[in-house]
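Asks: Provided below for reference: sequence and predicted model.
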Amino acid sequence: MLVDILGLNQPEPIEVGPAIVDKPEPISIEPTIIDFPLPDGGAVTEAHPAPMMPASVAPSAGAPLVQIILNI
């Protein structure tokens, strides 16, 4: 089939900068343990409104934000 011809069933390792990722692993996102005392015990303080100042927006640049280079 076309998938076999293109080699999509057996992908090669992905080169990311100086590292080669053979087996991507999930990233563990857990609560952070803070090993130093907080002055207020970590209590949530009253919310303060963020200052909002209207201003003109500069025109966007012509360059893309992300550049993808494929070496095939």
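Replies: Good, I have the coordinates.
Asks: Name the helix or strand for V3, please.
Replies: helix 2-6 (DSSP states H and E).
Asks: That helix - what's its average pLDDT?
Replies: Throughout helix 2-6, pLDDT has a mean value of 72.
Asks: Contacts made by it with the rest, please.
Replies: For helix 2-6, contacts defined as C-beta atoms under 8 Å, 6 or more residues apart in numbering pick out N9. Using the backbone N, CA and C atoms, a C-beta is placed for each residue, glycine as well.
Asks: Send me it as PDB with only the CA atoms.
Replies: Extracted C-alpha coordinates of helix 2-6, given in PDB (Å, rounded to 0.1, in the frame of the first residue of the first chain):
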ATOM      1  CA  LEU A   2       0.900   3.600  -0.200                       C
ATOM      2  CA  VAL A   3       1.600   3.900   3.500                       C
ATOM      3  CA  ASP A   4       4.200   1.100   3.300                       C
ATOM      4  CA  ILE A   5       5.800   2.700   0.200                       C
ATOM      5  CA  LEU A   6       6.100   6.100   2.000                       C
END
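Asks: And for N71, the neighbour number?
Replies: Look at N71: counted by other C-beta atoms under 10 Å, it has 4 neighbours.
Asks: My error: substitute L70 in the last question.
Replies: 4.
Asks: how about low-confidence regions in the protein?
Replies: The chain contains residues with pLDDT under 70 at 1, 7-8, 11, 14-16, 19-21, 41-44, 57-67.
Asks: let's see it at 80
Replies: Low-confidence regions of the chain, defined by pLDDT under 80, span residues 1-48, 50, 52-72.
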